[in-house]
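[1] Below are the sequence and a predicted model; questions follow.
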Amino acid sequence: MPYLALAWFFIQPSVSMKICFATTECVPFAKTGGLADVSGALPKALAEQGHHVKLFLPLYQSTPVFDYGFVQAHELDGMTASVGYRNIPFNTWYGHLPDSEVEVYLIDCPLYFHRPQLYTADNDEDERFILFQHAVLHVLQRYAWAPDVIHCNDWATALLPVYLRKSYSWDQLFAQTATLLSIHNIGYQGRFAPASIQTAGLSYDAFYPSGPYELDGGFSFLKAGLIFADVLSTVSPTYAQEIQGPDLGADLDGVLRMRNHDLFGVLNGIDLDVWNPATDAYLPHHYAVNDLAGKALNKQALLKEVSLPYDPEVPLIGFISRLTAQKGIALLQPILQPILEQHGVQFIFLGSGEDQYEDFFRWATQAYPHRVASYIGYNERLAHLIEAGSDMFLMPSRYEPCGLNQMYSLAYGTVPIVRSTGGLADTVRDVYADGENGNGFSFNDYEGYALHNAIERALTVFQDQDAWHTLMQRGMTEDFSWTRSAEAYTSLYEHARRMRVGV
Ligand code: ADP
């Protein structure tokens, strides 16, 4: 399995590289999901390791350029990029990721990016990111800056590897530039009508059934990128395996099986400046692995805030999520009542999303007002307090490319109960299966009884507070830093360069 080989890559000496990081969202400038967190943290960690990183991002209507000291890069004024048969003008703004040396280039094209949402269902959605990708390469050309690697992220930057091989193959500047394409969620594939191939400036001759551009009769940016990129990655080793099967491969499993030897899984890290119980700005009480007193005080504060009674012997189970089918709430629906009837336990739910799940949490709160609390909506502060104040954390996801909350939970001494899928399988080890190293509870079958059983096992171990503290401490001492992930990406960049130019 190729990702096991990463251990070997780690011991290779790494040299400073020139990295172009192309992304369509990045904290703190533009965010819809986990890609933004990766884009805000990974390039910083790479820069700290001595690499020179230029990050490219569209300048959206909502991007607060003046808050972060961006200036217009006048030497790049008046540039254009071809979208179909038109030349579209764009400007570029220049700045940095906060507190870092990562250079950020914002591609400013109001025609395409001044819209209420980052991604749209508009007819020209393909054009928006075709312009962006050409603009990235044009700016690199203007600076005569040859990256060792272009790191592409998800469908909206997936044509860059195709462009390097096809439309820009004449340019010696990129002769040694390798590409890595990372999949953050295989569900988003940039599927467009076949005519989009010409809009992208690519040859229609290569459009035929099962060809590099064709997916289900249309043109898929992601499929094309998966074929042409030198190396592929996704955000956990287990998800790298799962997306090679028909269940979670979203029609691209065949392509991924074909490229099996070039596909790697690298776990995301967590931002320890934000998610650290010893310094967390949202917590009323700080604590650490060798001084857990503050955790109990946070539990009291949390329960008081949501009007539930405090009893140190009654475990509190937390849950924070987007409320979608992916998150496995369907497993909880049939078993919540039996669990509450049979055990002394409390629940706190935070989330928003589909009506059926919001209604379920509202119902549970009304039916068990002293045992269940819920907050329907998005609340960053409460999310931190739930991570700190809960004893256990629930993630029964149907699939989970990486997942962040289980890592926050481990760091906060809040023992996770998870379905063993994707990044959850890679971070949570069931203590019944591995008494020496277990850090939580996990189950395999996507069934209510399996979740029920895992919760009951957690409640049993909670009765033995010494064993419980050992579990907590194991989680709290694990390394989820971005430094570790950045080392793995550096190895992949080196691998991509070897694939490209044999160095
Ligand atoms: P996904 O990216 O699928 O939503 P992750 O576990 O990778 O799942 O990341 C979700 C992030 O969003 C976590 O930081 C989680 O705490 C946060 N989050 C989700 N829903 C809410 C909410 N309602 N309020 C506050 N934070 C939330």
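    Perfect, thanks for sending it. Numbers count the residues shown, from 1 in each chain.
[2] CA atoms for contacts and neighbours, from now on please.
    Fine.
[3] Checking residue 55 next. Helix, strand or coil?
    Secondary structure state of residue 55, per DSSP: H, G, I helix; E, B strand; the rest coil, is strand.
[4] and it, what is it in contact with?
    Under the criterion of CA atoms under 8 Å, 6 or more residues apart in numbering, the neighbours of residue 55 are 20-23, 43, 102-105.
[5] Next secondary structure after the longest strand seen in the chain?
    Taking residue count as the measure and DSSP state E as the definition, the longest strand of the chain comes out as strand 86-96. Using DSSP states H and E, the helix or strand that follows strand 86-96 towards the C-terminus is strand 103-108.
[6] tell me what the next helix or strand after that next one is packed against?
    Tracing the chain past strand 103-108, the next element assigned as helix or strand by DSSP H and E is helix 110-113. For helix 110-113, the elements it packs on are helix 125-143, judged by 3 or more CA pairs under 8 Å, 6 or more residues apart in numbering; DSSP states H and E.
[7] Report the angle between the helix it packs on and strand 103-108.
    130 degrees (axes from the mean of the first three to the mean of the last three CA atoms, to 10 degrees).
[8] heads up, I number from 32, so please use that
    Sure, I'll start counting at 32 from here, so that last one is helix 156-174.
[9] Would you mind naming what in the chain lies close to the ligand?
    Contact residues of the chain with respect to the ligand, defined by CA under 6 Å from any ligand atom, are listed as 64-65, 351-353, 381-383, 408-411, 414, 434-436.
[10] of all these, which two lie farthest apart?
    408 and 434 (19.4 Å; CA to CA).
[11] Of those two, which one has the most company?
    A side-by-side neighbour count of residue 408 and residue 434, using other CA atoms under 10 Å, places residue 434 first with 21 against 13.
[12] how about residue 529, secondary structure?
    Assigned state for residue 529: helix (three-state reduction, three-state DSSP).
[13] measure it to residue 209 for me?
    With distances defined as CA to CA, to the nearest Å, the gap from residue 529 to residue 209 amounts to 9 Å.
[14] who has more neighbours, the two?
    Using other CA under 10 Å, the more surrounded residue of residue 529 and residue 209 is residue 209, with 26 against 14.
[15] Pull the residues that contact the one helix or strand residue 485 maps to.
    With elements delineated by DSSP H and E, residue 485 resides in helix 479-494, which encompasses its position. For helix 479-494, the surrounding residues in contact (CA under 8 Å, 6+ apart) are 346, 361-363, 365-366, 370, 427, 448, 450, 472-475, 498-499.
[16] Kindly report the same for stretch 500-509.
    Outside of stretch 500-509, the residues within contact range by CA under 8 Å, 6+ apart are 320, 441-446, 468-471.
[17] now do stretch 67-77
    Residues external to stretch 67-77 that are found in contact with it (CA under 8 Å, 6+ apart): 52, 54, 56-59, 61-62, 83-84, 86, 128, 131-133, 299, 302, 513-514, 516-518, 521.
[18] Kindly report the same for stretch 320-329.
    By CA under 8 Å, 6+ apart, the list of residues contacting stretch 320-329 from outside reads 314-318, 343, 416, 419-420, 444, 504, 507-508.
[19] now the helix holding residue 485, how far from the centre of its chain.
    What separates the centre of helix 479-494 from the centre of its chain is 28 Å, taken as CA atoms, centre = their mean, to the nearest Å.
[20] Next, the angle from whichever helix or strand comes after that helix to helix 479-494.
    The first helix or strand that comes after helix 479-494 along the chain, using DSSP H and E, is helix 496-507. For helix 496-507 and helix 479-494, the angle between their directions (the same axes, to 10 degrees) works out to 110 degrees.
[21] Rounded mean pLDDT for helix 496-507, please.
    Helix 496-507 shows a mean pLDDT of 97.
[22] Grab the CA positions of it and hand them over as CSV.
    Coordinates of the C-alpha atoms in helix 496-507 are reproduced here as CSV (Å, rounded to 0.1, in the frame of the first residue of the first chain):
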residue,chain,number,x,y,z
GLN,A,496,-12.3,6.4,36.6
ASP,A,497,-8.7,5.3,36.7
ALA,A,498,-9.1,3.5,33.3
TRP,A,499,-11.0,6.5,32.0
HIS,A,500,-8.2,8.9,32.9
THR,A,501,-5.7,6.7,31.2
LEU,A,502,-7.8,6.9,28.1
MET,A,503,-8.1,10.6,28.3
GLN,A,504,-4.4,11.1,28.8
ARG,A,505,-3.5,8.9,25.8
GLY,A,506,-5.6,11.1,23.5
MET,A,507,-4.2,14.3,25.0
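[23] Can you give the distance of it from its chain's centre?
    Helix 496-507 sits 27 Å away from the centroid of its parent chain (CA atoms, centre = their mean).
[24] what does stretch 393-408 give?
    For stretch 393-408, the gap between its own C-alpha mean and the chain's C-alpha mean amounts to 29 Å (CA atoms, centre = their mean).
[25] I'd like the next helix or strand past the helix-or-strand element of the chain with minimal mean pLDDT.
    Taking mean pLDDT, DSSP states H and E as the measure, the helices and strands of the chain show their lowest mean at helix 37-41, namely a mean of 48. From helix 37-41 onward toward the C-terminus, using DSSP H and E, the following helix or strand is strand 49-53.
[26] Nothing else from me, thank you.
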